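Q: Okay, sequence plus prediction incoming.
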There are 2 protein chains.
Amino acid sequence: MTRRDPPLTPVVVAESVADLRSNVVRAHRGGQTIGFVPTMGALHAGHVSLIERARAECDVVVVSIFVNPTQFGPNEDFQRYPRPRELDLKICGDAGADIVFYPTVDDMYPPGYRTFVEVQGLSEILEGAIRPGHFRGVATVVTKLFLLVQADKAYFGQKDYQQQLLIRIMTRELNIPTEIVTCQTLRDPDGLAMSSRNAYLSSAERVQGLCLWRALDGVRKLIEAGERDLAKLQQSLVDVISAIDGVVIDYAVIVDAGTLASLTAAVPEMVALVAIRVGKTRLIDNLVLRLTDRAAG
Amino acid sequence: MTRRDPPLTPVVVAESVADLRSNVVRAHRGGQTIGFVPTMGALHAGHVSLIERARAECDVVVVSIFVNPTQFGPNEDFQRYPRPRELDLKICGDAGADIVFYPTVDDMYPPGYRTFVEVQGLSEILEGAIRPGHFRGVATVVTKLFLLVQADKAYFGQKDYQQQLLIRIMTRELNIPTEIVTCQTLRDPDGLAMSSRNAYLSSAERVQGLCLWRALDGVRKLIEAGERDLAKLQQSLVDVISAIDGVVIDYAVIVDAGTLASLTAAVPEMVALVAIRVGKTRLIDNLVLRLTDRAAG
């Protein structure tokens, strides 16, 4: 991450909906474009790359930090999800954010709250099947944030592949005038996809978690070597993960990249999606698999 | 309805989402306020009063005409709902609309459409209990239209009391930056609330339908005369309608005006909601009942 020169003005923290609105209205009146990075905080280099991309492409950069209760299941980690406020604000400022929206749960969901956004089909498979209600919570909070921030562009990481696909569909279908930009997953040097939840991992669990990338990269190499048998690719994905003791597979599949539909044979644009549990921690990762004409021949 | 002098520029008809957007963006760039009247067409004097109110309060007036399939049940009147396009466009122009948004079903719901907005609780009672899925369709299309038109104010008739309440809640909860203005129900001289569906009524059915207003006005008069016993008020409402042969009551209730919750005793702000079937036609009406301190004493 690079700091711009001359030094930035300190980031403005909008603590309420009203605060945020007045900042957004001012930007729009001034004819400025707004880039938006919605996060749950516990920011890492992956988030920083999104903020820097927004900084490069838009006049005003808004980051939201909100651990959204409606996307957590009753037995999930809402309470223990990390909330390092001061560090997060510093990271936002250093990365070039102008405004950080840091609302309370009551501000986003006043008592009696009852309006929800549902994306049918895509919400019930894969992550949605494992985490019932999760994508309804995501769709609802992202709609609310989009309508508050009124951004020209919003930036998401590819690590949450199903989420970014769902948000693209929802944004288009609800006619929200915000362009969705999906950015490459950032990885640590060992290949582990960056995630706020990696902080939960013991060093032994972290080593176990590396099987995700090894499995995905293995499939990529098989395709590069000319393998086109979907069953074999799929089996390779599962085998690499299953070889690791103590890892439970939630799913490990190769599906259509545009719809997440199951496949019976390879198609030009696929995505390998994997989700595992290591101890008490869930980890997900993915890799888009493109068959080039040459390789497919 | 009065025509302004000098004569209006002809209304612009935006036939597609893209058409509408370019008009809306132009208005916003020019710093103009937008007033929005969403309709299903078959416009009557009630709609005209909404358009005229928008004309008086906003710089640019957008009317949408869209018979929304997602708010009709499988056995309802979607196919036969009247669509007098040329007359509707003339009425819009005469009332002072600047832009009429007249999309196709495919433009609003492209094939595979799957994103829906739900307002829990309020969607399942009264009209929602009789018409399952109706309010999900209303909430979804109104959200889409609101995000397309980006209006400062949107105007609804009080005749659809539950609908305007649901839209108020949804707009606030989703953080849609549009103010909801609810306008008085317009009535024919005989008391029948204006409705596009009145066109379905034979003259005999129309006479039967007058029991709605007679029942509502009867309750009002009882309250004016000092009656505060909710059971008696409720009974009067039902009795007046039941007296008419060939009328089927879907509901006839007095509930909390702010929540539509059932009541066991009178409260200061109530609403009487009635829905009946006359032949093949459903008619609804309502009256807000306010207990003044004097009358309540």
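A: It's in. Numbering: from 1, shown residues only, chains lettered A, B, ... in the order given.
Q: So, low pLDDT: which residues of chain A?
A: Within chain A, the stretches with pLDDT under 70 are A:1-9, A:293-297.
Q: Quick check: residues of it near chain B?
A: For chain A, the residues in contact with chain B (CB under 8 Å from any CB of the partner chain) are A:17, A:21, A:110, A:113-122, A:139, A:143-144, A:147-148, A:150, A:169-170, A:173-177. Placement of C-beta: from N, CA and C, glycine included.
Q: Mind checking which of these land in helices?
A: Those of the residues of chain A next to chain B mapping onto helices are A:17, A:21, A:139, A:143-144, A:147-148, A:169-170, A:173, per DSSP state H.
Q: Neighbour-wise, give me the winner out of those residues.
A: In terms of neighbours by other CB atoms under 10 Å in any protein chain shown, those top out with residue A:139 at 28 neighbours.
Q: Do I have it right that that one meets residue A:122?
A: No - counting by CB atoms under 8 Å, residue A:139 stays clear of residue A:122, with 9.6 Å between them.
Q: Next, show the common contact partners of the two.
A: Common neighbours of residue A:139 and residue A:122, using CB atoms under 8 Å, 6 or more residues apart in numbering or on different chains, are residue A:166.
Q: what's the farthest-apart pair in the ones in helices among the residues of chain A next to chain B?
A: Longest distance between any two of those is 26.8 Å, between A:21 and A:169; criterion CB to CB.
Q: Now do the strands in the stretch 1-150 of chain A.
A: A:12-14, A:34-39, A:60-65, A:99-101, A:115-119 (DSSP state E, counting those that start in this stretch).
Q: could you dump the ones you listed to JSON lines with distance to residue A:48 and mean neighbour count?
A: Formatted as JSON lines, those follow (distance: least, CB to CB, whole Å; neighbours: other CB atoms under 10 Å in any protein chain shown):
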{"stretch": "strand A:12-14", "distance to residue A:48": "18", "mean neighbour count": "18"}
{"stretch": "strand A:34-39", "distance to residue A:48": "10", "mean neighbour count": "27"}
{"stretch": "strand A:60-65", "distance to residue A:48": "10", "mean neighbour count": "27"}
{"stretch": "strand A:99-101", "distance to residue A:48": "13", "mean neighbour count": "25"}
{"stretch": "strand A:115-119", "distance to residue A:48": "28", "mean neighbour count": "22"}
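Q: want to try JSON lines for those strands, with distance to residue B:132 as columns?
A: Below are the strands of the stretch 1-150 of chain A laid out as JSON lines (distance: least, CB to CB, whole Å):
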{"stretch": "strand A:12-14", "distance to residue B:132": "40"}
{"stretch": "strand A:34-39", "distance to residue B:132": "34"}
{"stretch": "strand A:60-65", "distance to residue B:132": "36"}
{"stretch": "strand A:99-101", "distance to residue B:132": "37"}
{"stretch": "strand A:115-119", "distance to residue B:132": "16"}
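Q: Which parts of chain A belong to which domain?
A: Residue ranges for each domain of chain A read A:12-183, A:196-291, as given by automatic domain parsing.
Q: Among those domains, show me which one is buried the most.
A: domain A:12-183 (a mean of 19; mean count of other CB atoms under 10 Å in any protein chain shown).
Q: Am I right that residue A:255 sits in a strand?
A: Yes - counting by DSSP: H, G, I helix; E, B strand; the rest coil, residue A:255 is part of a strand.
Q: Does it touch residue A:270 like I think?
A: Yes - counting by CB under 8 Å, residue A:255 touches residue A:270, with 6.7 Å between them.
Q: shared neighbours, those two?
A: Common neighbours of residue A:255 and residue A:270 (CB under 8 Å, 6+ apart) are residue A:263.
Q: returning to what we had before: so for residue A:236, which of the strands of the stretch 1-150 of chain A sits nearest?
A: strand A:115-119 (30.9 Å).
Q: Which other helices and strands does the closest one contact?
A: If you count contacts as 3 or more CB pairs under 8 Å, 6 or more residues apart in numbering or on different chains; DSSP states H and E, strand A:115-119 packs onto helix A:134-149, helix A:161-173, strand B:115-119, helix B:161-173.
Q: Tell me where chain A has helices.
A: In chain A, helices defined by DSSP H lie at A:17-29, A:45-57, A:85-95, A:105-108, A:127-130, A:134-149, A:161-173, A:203-209, A:211-224, A:230-242, A:293-296, listed in chain order.
Q: Off-centre distance for stretch A:252-259?
A: 17 Å (CA atoms, centre = their mean, to the nearest Å).
Q: now what about it, what contacts it?
A: Taking CB under 8 Å, 6+ apart as the rule, stretch A:252-259 contacts A:126, A:165, A:215, A:219, A:230, A:233-234, A:237-238, A:241, A:261-263, A:267, A:269-276, A:288-289.
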